[in-house]
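Chemist: Curious how this folds, go ahead:
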Amino acid sequence: MGGHHAASGAAAWVAVASTGPYTLGWYPLDPTGILIGGMATAGTALVCDWDHRSSTVAHSLPPLSNVIARGIENASGGHRQGTHSILGAAFFVFLAGLASQVHMDTGWGRLSIGAGLLCMFLINIAAKALKLFPKSGFISNWIFALVMAGLVTVYAPEQWTWLPTSMLIGVVVHIVGDLITTGGVPLLWPLVLRPPKVLRRLPLLRNVWRPNGALSVPLLGRAGSKREWLVLIPVSAYAMVGMSVSGWAIAQHHWGRVAAAAGAWIRLWF
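Modeler: Predicted structure coming up:
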């Protein structure tokens, strides 16, 4: 399910980028990086579904997102094809790496223009999947996307590797999430290896090696199953707690500056 993909991506980013209790801390960042990266990774965990024109992702920023969806659909062979493979994951990470190199040095610091433009889509995709916008919110979608693009452009982490890392985490989480449902994924696309008819009759193997060549380890059953909900409720809570803690740390940091500036102004005039 789209919202579960987004929550899984955010949770994975919190685990990797945070250094607090119950985290991995493999790619440590400050609270701003955790919050921005969490929102971005919630979106990168959905880009694999930008492969058919009727998806939530395709309708995130119309009409531009619709045009992109048609192009990806034609290039990847349709839903759960090229974008759900190792090759597709590598392409998305490469694209994020290119975007992370587009920046501008100004008197106010470095502006991450490429990251801002890419996150204009990514964060909006996540918000759409999490049903933070109405289905037909064309204007609200674009306003939110442009605001997020501006914030990421100004406040993105200094390490350029954060964006391809976010993309890598997101697409891997998505592909693994689909792998453990009954539909499976074509990991080796464009190479499609279909099982012989004799092997399709074996109960266990036919569930793992699908007739269409997809691989599946159906631990969660069908997409949207009760098992999926049972797993994703604590995962979603973990993501919300991690990002809320980061948001609170940012607020405290900036509130201290605001309070100090206000105190100085009061002493100046009174």
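
Chemist: And L202, how far from W209?
Modeler: 9 Å (C-beta to C-beta, to the nearest Å). The C-beta positions use only the backbone N, C-alpha and C, and glycine is treated the same way.

Chemist: Compare the two (neighbour count), which wins?
Modeler: W209 (20 against 12; other C-beta atoms under 10 Å).

Chemist: quick one: contacts for the residue lying closest to that one once chain neighbours are set aside?
Modeler: In this structure, W209 finds its nearest non-sequential neighbour in P195, 4.6 Å apart by C-beta to C-beta, 6 or more residues apart in numbering. P195 makes contacts with 205-206, 209-211, 213, as judged by C-beta atoms under 8 Å, 6 or more residues apart in numbering.

Chemist: got any ranges where the stretch 151-270 of the chain has weak pLDDT?
Modeler: 254, 256-270 (pLDDT under 70).

Chemist: Check the secondary structure at L87 for me.
Modeler: Here L87 is recorded as helix under DSSP: H, G, I helix; E, B strand; the rest coil.

Chemist: Begin at 4, not 1, for the rest of this chat.
Modeler: Okay, using 4 as the starting number, the last item reads as L90.

Chemist: ok, now which ones touch the residue nearest to it when sequence neighbours are not counted?
Modeler: Nearest residue to L90 in three dimensions, chain neighbours excluded: W192, at 6.3 Å (C-beta to C-beta, 6+ apart). Contact analysis of W192 by C-beta under 8 Å, 6+ apart lists 79-80, 84-85, 87-88, 90-91.

Chemist: Identify those among the contacts of P198 that sit within helices.
Modeler: Using DSSP state H, 208-209 are the members of the contacts of P198 that sit in helices.

Chemist: Which of the contacts of P198 sits closest to F97?
Modeler: Looking at the contacts of P198 and their distance to F97, the nearest is G216, at 24.7 Å (C-beta to C-beta).

Chemist: Distance of that closest one relative to T184?
Modeler: The value you get for G216 to T184, if C-beta to C-beta is used, is 16 Å.
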